[in-house]
Each structure stands twice: as structure tokens, then as C-alpha cells.
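K.L.:
here are the coordinates; sequence isn't available:
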């Protein structure tokens, strides 16, 4: 049974994260299915652009702590989105946490409904938003990144747009995305690929320079006793031992 839905209409392929039972957590399986679907889109001349969306009330809750992907595989997925020769548009109508924010950062355009909310929750389980920083820190306001990385606070779609995490926020996300999608349909495949290559250059420099260091840093943090306590507390729905 697949946990990624696929639909196609007038040049736009929609990929839908469809594992609402675990809030579309980024499991090894979901990451693998998404990577394969993107590979298929890259090869398909009928695909002008990709929309990445979700079922349920959560776009993605971040890494699946019970069945996490290999960190190198997740880095490869983020890089694949950045380098895909077709624009990738995130459409969000719910909660986004931790690694799910990495997907938004990798997308070329990200839109969310005003009912959506966001949080970098890594700090609350004893780790850091290490790998997802590869696409995010180039896009986000530095002062906002400092605040939300360090506090794990929840913030709304308007704030996410203000700090550069989103392209736009609106009460009706589909209405707001209408002109964007039509614009992509009017663009040539060559023009889109060439324009995206220009836009992605600085983010790719970050991947080339920092990916290995951030994967190792993330692995070290997740293997620590403090992170084990944080993840156990999360799964047991209790506060970790350090909460004052």
C-alpha cells in the first residue's frame, strides 16, 4: 500500500503525503516513495511543475522516530527537490514540524493556509535542526531563525511568510496559488529549468560545503543520552527530565 498519492492535470503533477495516521512523519518508506516519484517527474516531459501537499491535518510532523530514514537519504531527497529541473510548489493546510520544514525550505515556492502553524521542535527533544538547515538558513531571516531554532515556539503562517519560510500565506491557499500555477503552465520547460538553476546555486553551495558535517552532527546528537530521553519522553507523551 502506497503512502504517497499521485495525480496529474494540465502539466502539474500533485504528490500527496498520505500517511495521516502518523501525521505524515518522514519514515524511510515515505522518503523513498517521494524520491522515486520526483525521479519519475524529472523524466516525464508532460510534467511542467510539481505540487507537494498532504492529507490530514499535518503536512509533516518531521522524522518518524520509530522508522527514521537514513540521514544521507534525507539529504539526498532535499537536494533532489532543489535540483529537480521542474519547480516544486509546497501546498500546506495544516501543521508543519521539524523535518517537515526542511521539505518546505527545499521547495521553490511554498504556500500555506492561514490555519497552518509551524515549529522547530528539535530543541525540545535534545537535538538541533541540523540537516534541514541546508535549504532553510539561506532563505530565512537570521534573527527569526535564531529565535525559533532556540525556543521551539509555534508560529503562524503570516509569520512564516514574513521570515521567508513561506512564499505566501492566505485564507484560501488554492485561490492564492491559482496565478502561480497558471504562470508555471505558461512557462517553457527550458526556461523553468534554467531559471531554477540560477535560483538554486547558492543553496547548492551550502549542500556541497556543509552536508557531511551536518549529517555527522545530527547523528552524534541523536545518539546522545539526552536525545534518547527526549525521544522517549515524546513517545511516552511526557515532559523530558530537563523541563523546569
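P.N.:
That came in fine, so what should we check first? A quick note: this is a predicted structure, and the numbers were derived from the prediction, not measured.
K.L.:
give me the secondary structure label for the most centrally placed residue in the chain.
P.N.:
With distances taken as CA atoms, centre = their mean, the residue of the chain nearest its centroid is residue 103 (1.4 Å). Here residue 103 is helix, with the state taken from DSSP: H, G, I helix; E, B strand; the rest coil.
K.L.:
could you check how far it is from residue 171?
P.N.:
Separation of residue 103 from residue 171 (CB to CB, to the nearest Å): 23 Å. The way it works is simple: take the backbone N, C-alpha and C, and place the C-beta from them, glycine included.
K.L.:
residue 58 too?
P.N.:
Taking CB to CB, one finds residue 58 at 19 Å from residue 171.
K.L.:
between the two, which one's more packed in?
P.N.:
When residue 58 and residue 171 are compared for neighbours, residue 58 comes out ahead with 23 against 10, by other CB atoms under 10 Å.
K.L.:
pLDDT wise, what is the more buried one at?
P.N.:
Among the per-residue scores, residue 58 holds a pLDDT of 98.
K.L.:
next: residue 1.
P.N.:
Looking at residue 1, the pLDDT reads 59.
K.L.:
could you pull out the helices for this protein?
P.N.:
Secondary structure of the chain (DSSP state H): helices located at 28-43, 71-83, 99-106, 133-136, 142-151, 157-162, 173-186, 189-222, 225-235.
K.L.:
pull out the buried residues from the fifth one.
P.N.:
Which is helix 142-151. Using 16 or more other CB atoms under 10 Å as the test for burial, helix 142-151 gives 144, 145, 148, 149.
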